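Asks: Starting from these lines, generate the structure:
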Amino acid sequence: MFRYNSCRDRHCNQCQKYERAKWVEQQKVMQLPIPYFHIVFTTDHALNTLFRDHKRAMYDLLFQTASEVLQAKAKAELGCELGITAVLHTWGQQIEEHIHLHCIVTGGGLRLDRQKWVKPKSKHYLLNVVELSAAYRDKLLAGIERLVQRQEMVLADEAAEAALSSLLAELRAKKWEVFIKPFANPDTVTAYLSRYVHPVAISNYRLESMEKGLVRFRYFDNRERAEVGGKGKEKVLTLTGEEFIRRFLL
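Replies: Numbering: from 1, shown residues only. Reported below is the predicted structural model:
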(Lines give C-alpha, C1' and ligand atoms only; values in the text may rest on other atoms or scores of the structure.)
Protein backbone atom coordinates (compact mmCIF):
# COMPACT_ATOMS: atom_id res chain seq x y z
CA MET A 1 0.00 0.00 0.00
CA PHE A 2 1.26 3.48 -0.88
CA ARG A 3 0.77 6.52 1.33
CA TYR A 4 1.57 9.78 -0.45
CA ASN A 5 3.02 12.82 1.29
CA SER A 6 0.58 15.62 0.59
CA CYS A 7 1.87 18.65 -1.28
CA ARG A 8 -1.51 20.42 -0.78
CA ASP A 9 -1.20 22.16 -4.14
CA ARG A 10 -4.61 22.91 -5.64
CA HIS A 11 -3.36 21.66 -9.04
CA CYS A 12 -2.40 18.24 -7.66
CA ASN A 13 -4.75 15.43 -8.71
CA GLN A 14 -3.69 13.23 -5.79
CA CYS A 15 -4.20 15.83 -3.04
CA GLN A 16 -7.43 17.20 -4.46
CA LYS A 17 -8.83 13.69 -4.81
CA TYR A 18 -8.49 13.26 -1.04
CA GLU A 19 -10.02 16.68 -0.29
CA ARG A 20 -12.86 15.90 -2.67
CA ALA A 21 -13.66 12.63 -0.91
CA LYS A 22 -13.74 14.37 2.49
CA TRP A 23 -16.08 17.08 1.19
CA VAL A 24 -18.47 14.57 -0.39
CA GLU A 25 -18.73 12.58 2.83
CA GLN A 26 -19.70 15.78 4.65
CA GLN A 27 -22.38 16.47 2.03
CA LYS A 28 -23.90 13.00 2.35
CA VAL A 29 -24.88 13.83 5.92
CA MET A 30 -26.96 16.78 4.70
CA GLN A 31 -28.52 15.09 1.66
CA LEU A 32 -32.28 14.63 1.92
CA PRO A 33 -34.30 11.71 0.46
CA ILE A 34 -35.89 13.98 -2.17
CA PRO A 35 -35.40 14.78 -5.88
CA TYR A 36 -32.64 17.23 -6.80
CA PHE A 37 -32.07 19.47 -9.81
CA HIS A 38 -28.82 20.45 -11.52
CA ILE A 39 -28.77 24.15 -12.48
CA VAL A 40 -25.86 25.89 -14.23
CA PHE A 41 -25.44 29.67 -14.36
CA THR A 42 -22.95 30.64 -17.08
CA THR A 43 -21.45 34.10 -17.57
CA ASP A 44 -20.84 35.70 -20.96
CA HIS A 45 -17.19 35.48 -22.00
CA ALA A 46 -17.21 39.24 -22.59
CA LEU A 47 -17.14 39.57 -18.78
CA ASN A 48 -14.00 37.45 -18.34
CA THR A 49 -11.70 40.47 -17.99
CA LEU A 50 -13.88 41.91 -15.21
CA PHE A 51 -13.76 38.62 -13.33
CA ARG A 52 -9.99 38.44 -13.80
CA ASP A 53 -9.36 42.02 -12.62
CA HIS A 54 -11.94 42.16 -9.80
CA LYS A 55 -12.11 38.58 -8.54
CA ARG A 56 -13.59 39.07 -5.07
CA ALA A 57 -16.28 41.56 -6.07
CA MET A 58 -17.33 39.68 -9.22
CA TYR A 59 -17.36 36.18 -7.76
CA ASP A 60 -19.27 37.35 -4.68
CA LEU A 61 -21.78 38.99 -7.03
CA LEU A 62 -22.14 35.82 -9.11
CA PHE A 63 -22.93 33.62 -6.09
CA GLN A 64 -25.30 36.22 -4.63
CA THR A 65 -27.12 36.72 -7.94
CA ALA A 66 -27.66 33.00 -8.56
CA SER A 67 -28.99 32.47 -5.04
CA GLU A 68 -31.30 35.48 -5.10
CA VAL A 69 -32.88 34.76 -8.48
CA LEU A 70 -33.46 31.11 -7.54
CA GLN A 71 -35.08 32.02 -4.23
CA ALA A 72 -37.16 34.80 -5.81
CA LYS A 73 -38.50 32.45 -8.51
CA ALA A 74 -39.18 29.70 -5.95
CA LYS A 75 -41.08 32.15 -3.76
CA ALA A 76 -43.16 33.35 -6.72
CA GLU A 77 -43.89 29.96 -8.30
CA LEU A 78 -43.90 27.55 -5.35
CA GLY A 79 -44.15 29.70 -2.24
CA CYS A 80 -41.10 28.06 -0.73
CA GLU A 81 -37.39 28.44 0.02
CA LEU A 82 -34.96 26.16 -1.80
CA GLY A 83 -31.83 24.43 -0.56
CA ILE A 84 -28.83 25.30 -2.76
CA THR A 85 -25.27 24.03 -2.97
CA ALA A 86 -23.20 26.06 -5.47
CA VAL A 87 -19.74 25.22 -6.79
CA LEU A 88 -17.69 27.63 -8.91
CA HIS A 89 -15.90 26.53 -12.07
CA THR A 90 -13.69 28.91 -14.03
CA TRP A 91 -12.65 26.77 -17.00
CA GLY A 92 -14.16 24.58 -19.69
CA GLN A 93 -13.18 21.27 -21.28
CA GLN A 94 -10.44 22.92 -23.35
CA ILE A 95 -9.01 24.65 -20.22
CA GLU A 96 -10.12 28.01 -21.55
CA GLU A 97 -11.77 30.62 -19.31
CA HIS A 98 -15.39 29.61 -18.86
CA ILE A 99 -16.88 31.02 -15.66
CA HIS A 100 -19.99 29.25 -14.39
CA LEU A 101 -21.72 27.99 -11.26
CA HIS A 102 -22.88 24.40 -10.83
CA CYS A 103 -25.83 24.37 -8.42
CA ILE A 104 -27.41 21.34 -6.80
CA VAL A 105 -30.92 22.47 -5.87
CA THR A 106 -33.58 20.71 -3.82
CA GLY A 107 -36.69 19.60 -5.70
CA GLY A 108 -39.00 21.80 -3.66
CA GLY A 109 -38.41 23.44 -0.31
CA LEU A 110 -39.78 24.67 2.98
CA ARG A 111 -42.96 26.70 2.76
CA LEU A 112 -42.31 30.34 3.66
CA ASP A 113 -43.83 29.84 7.13
CA ARG A 114 -41.47 26.84 7.53
CA GLN A 115 -44.34 24.55 8.55
CA LYS A 116 -44.54 22.30 5.46
CA TRP A 117 -42.42 20.90 2.64
CA VAL A 118 -43.58 22.08 -0.79
CA LYS A 119 -43.03 19.72 -3.72
CA PRO A 120 -42.44 20.93 -7.31
CA LYS A 121 -45.29 20.71 -9.80
CA SER A 122 -43.55 17.84 -11.59
CA LYS A 123 -40.46 15.68 -11.07
CA HIS A 124 -39.21 17.07 -14.38
CA TYR A 125 -40.02 20.74 -13.70
CA LEU A 126 -38.83 23.07 -10.97
CA LEU A 127 -38.94 26.67 -12.26
CA ASN A 128 -39.61 28.56 -15.50
CA VAL A 129 -36.15 28.47 -17.09
CA VAL A 130 -36.85 31.28 -19.59
CA GLU A 131 -37.87 33.68 -16.83
CA LEU A 132 -35.02 32.47 -14.61
CA SER A 133 -32.48 33.11 -17.38
CA ALA A 134 -33.72 36.66 -18.00
CA ALA A 135 -33.81 37.45 -14.29
CA TYR A 136 -30.26 36.15 -13.86
CA ARG A 137 -28.96 38.26 -16.76
CA ASP A 138 -30.68 41.45 -15.61
CA LYS A 139 -29.69 41.06 -11.96
CA LEU A 140 -26.04 40.23 -12.65
CA LEU A 141 -25.59 43.18 -15.03
CA ALA A 142 -27.39 45.56 -12.64
CA GLY A 143 -25.12 44.29 -9.88
CA ILE A 144 -22.02 45.15 -11.92
CA GLU A 145 -23.32 48.69 -12.45
CA ARG A 146 -23.99 48.98 -8.73
CA LEU A 147 -20.44 47.88 -7.86
CA VAL A 148 -19.02 50.62 -10.08
CA GLN A 149 -21.40 53.29 -8.78
CA ARG A 150 -20.50 52.46 -5.16
CA GLN A 151 -16.80 52.36 -6.10
CA GLU A 152 -16.59 48.80 -4.83
CA MET A 153 -15.12 48.02 -8.25
CA VAL A 154 -12.84 50.81 -9.48
CA LEU A 155 -12.10 51.02 -13.20
CA ALA A 156 -9.04 52.65 -14.79
CA ASP A 157 -10.69 55.85 -16.03
CA GLU A 158 -13.85 57.39 -17.50
CA ALA A 159 -13.15 55.76 -20.85
CA ALA A 160 -13.17 52.33 -19.19
CA GLU A 161 -16.47 53.16 -17.47
CA ALA A 162 -17.98 54.24 -20.79
CA ALA A 163 -16.76 51.05 -22.47
CA LEU A 164 -18.27 48.96 -19.67
CA SER A 165 -21.60 50.78 -19.95
CA SER A 166 -21.67 50.03 -23.68
CA LEU A 167 -20.79 46.38 -23.08
CA LEU A 168 -23.53 45.92 -20.48
CA ALA A 169 -26.08 47.39 -22.90
CA GLU A 170 -25.02 44.84 -25.52
CA LEU A 171 -25.25 41.97 -23.03
CA ARG A 172 -28.75 43.02 -21.93
CA ALA A 173 -29.90 42.67 -25.53
CA LYS A 174 -28.63 39.08 -25.73
CA LYS A 175 -30.52 35.96 -24.73
CA TRP A 176 -28.90 34.18 -21.79
CA GLU A 177 -29.62 30.52 -21.06
CA VAL A 178 -29.57 28.89 -17.65
CA PHE A 179 -29.30 25.09 -17.77
CA ILE A 180 -31.70 23.16 -15.55
CA LYS A 181 -32.28 19.42 -15.43
CA PRO A 182 -33.47 16.93 -12.79
CA PHE A 183 -31.13 14.23 -11.57
CA ALA A 184 -32.34 10.82 -12.73
CA ASN A 185 -31.73 9.32 -9.29
CA PRO A 186 -31.19 11.06 -5.93
CA ASP A 187 -28.36 8.61 -5.22
CA THR A 188 -26.35 10.10 -8.08
CA VAL A 189 -26.30 13.61 -6.58
CA THR A 190 -23.31 13.02 -4.31
CA ALA A 191 -21.44 11.14 -7.03
CA TYR A 192 -22.05 14.02 -9.40
CA LEU A 193 -20.90 16.57 -6.86
CA SER A 194 -17.59 14.75 -6.50
CA ARG A 195 -16.70 15.75 -10.08
CA TYR A 196 -17.04 19.45 -9.34
CA VAL A 197 -15.54 20.06 -5.90
CA HIS A 198 -11.82 20.57 -5.31
CA PRO A 199 -11.25 20.09 -9.04
CA VAL A 200 -8.09 20.59 -11.05
CA ALA A 201 -8.07 22.10 -14.53
CA ILE A 202 -7.36 18.75 -16.16
CA SER A 203 -7.09 15.24 -14.74
CA ASN A 204 -4.30 12.83 -15.63
CA TYR A 205 -6.51 10.41 -17.55
CA ARG A 206 -7.35 13.05 -20.18
CA LEU A 207 -3.70 13.57 -21.16
CA GLU A 208 -2.75 11.73 -24.35
CA SER A 209 0.86 12.75 -24.95
CA MET A 210 3.55 15.39 -24.50
CA GLU A 211 6.28 15.40 -27.11
CA LYS A 212 8.16 17.80 -29.38
CA GLY A 213 6.82 20.78 -27.44
CA LEU A 214 3.17 19.79 -27.97
CA VAL A 215 0.56 18.59 -25.48
CA ARG A 216 -2.40 16.49 -26.63
CA PHE A 217 -5.45 15.87 -24.43
CA ARG A 218 -9.03 14.64 -24.75
CA TYR A 219 -12.09 16.81 -24.19
CA PHE A 220 -15.84 16.77 -24.77
CA ASP A 221 -17.15 19.26 -27.34
CA ASN A 222 -20.52 20.17 -25.82
CA ARG A 223 -21.54 21.97 -29.00
CA GLU A 224 -21.92 18.48 -30.44
CA ARG A 225 -23.83 17.05 -27.51
CA ALA A 226 -24.63 13.36 -27.76
CA GLU A 227 -28.15 12.10 -27.13
CA VAL A 228 -27.03 9.45 -24.66
CA GLY A 229 -25.60 10.66 -21.37
CA GLY A 230 -25.75 14.34 -22.22
CA LYS A 231 -22.03 14.60 -23.00
CA GLY A 232 -20.58 16.20 -26.09
CA LYS A 233 -18.54 14.44 -28.75
CA GLU A 234 -15.10 13.40 -27.52
CA LYS A 235 -12.21 15.01 -29.40
CA VAL A 236 -8.46 15.53 -29.02
CA LEU A 237 -6.92 19.00 -28.78
CA THR A 238 -3.27 19.78 -29.47
CA LEU A 239 -1.64 22.83 -27.86
CA THR A 240 1.90 24.12 -27.67
CA GLY A 241 3.48 23.59 -24.28
CA GLU A 242 3.45 27.34 -23.65
CA GLU A 243 -0.26 27.68 -24.44
CA PHE A 244 -1.13 24.64 -22.31
CA ILE A 245 0.70 26.14 -19.30
CA ARG A 246 -0.93 29.54 -19.88
CA ARG A 247 -4.41 28.01 -19.81
CA PHE A 248 -3.57 25.71 -16.90
CA LEU A 249 -2.52 28.68 -14.75
CA LEU A 250 -5.56 30.86 -15.50
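Asks: In terms of helices and strands, where is the residue nearest the centre of the chain?
Replies: Centroid-nearest residue in the chain: residue 101, 1.9 Å away (criterion: Cα atoms, centre = their mean). Element membership for residue 101 (DSSP states H and E) is strand 97-111.
Asks: What of residue 153?
Replies: In the assignment (DSSP H and E), residue 153 maps to no helix and no strand.
Asks: Can you report phi and psi for it?
Replies: Backbone torsions of residue 153, given as degrees, to the nearest 10, read phi -140, psi 100.
Asks: Now it: closest residue in space, sequence neighbours ignored.
Replies: Once flanking residues are discounted, residue 153 sits nearest to residue 147: 3.9 Å by Cβ to Cβ, 6 or more residues apart in numbering. Heads up, the C-betas are built off the backbone N, CA and C, glycines and all.
Asks: same question, residue 42
Replies: Residue 42's closest residue in space is residue 100 (Cβ to Cβ, 6+ apart), at 4.2 Å.
Asks: burial of the one you found, as a residue count?
Replies: Neighbour count for residue 100, taken as other Cβ atoms under 10 Å: 18.
Asks: That one and residue 45 touch, don't they?
Replies: No - Residue 100 is beyond contact range of residue 45, at 10.7 Å (criterion: Cβ atoms under 8 Å).
Asks: re earlier: which elements pack onto the strand holding residue 101?
Replies: Here strand 97-111 touches strand 36-42, helix 48-53, helix 55-77, strand 80-91, strand 117-118, helix 188-193, going by 3 or more Cβ pairs under 8 Å, 6 or more residues apart in numbering; DSSP states H and E.
Asks: at 6 Å what do you get?
Replies: With contacts taken as 3 or more Cβ pairs under 6 Å, 6 or more residues apart in numbering; DSSP states H and E, strand 97-111 sits against strand 36-42, strand 80-91.
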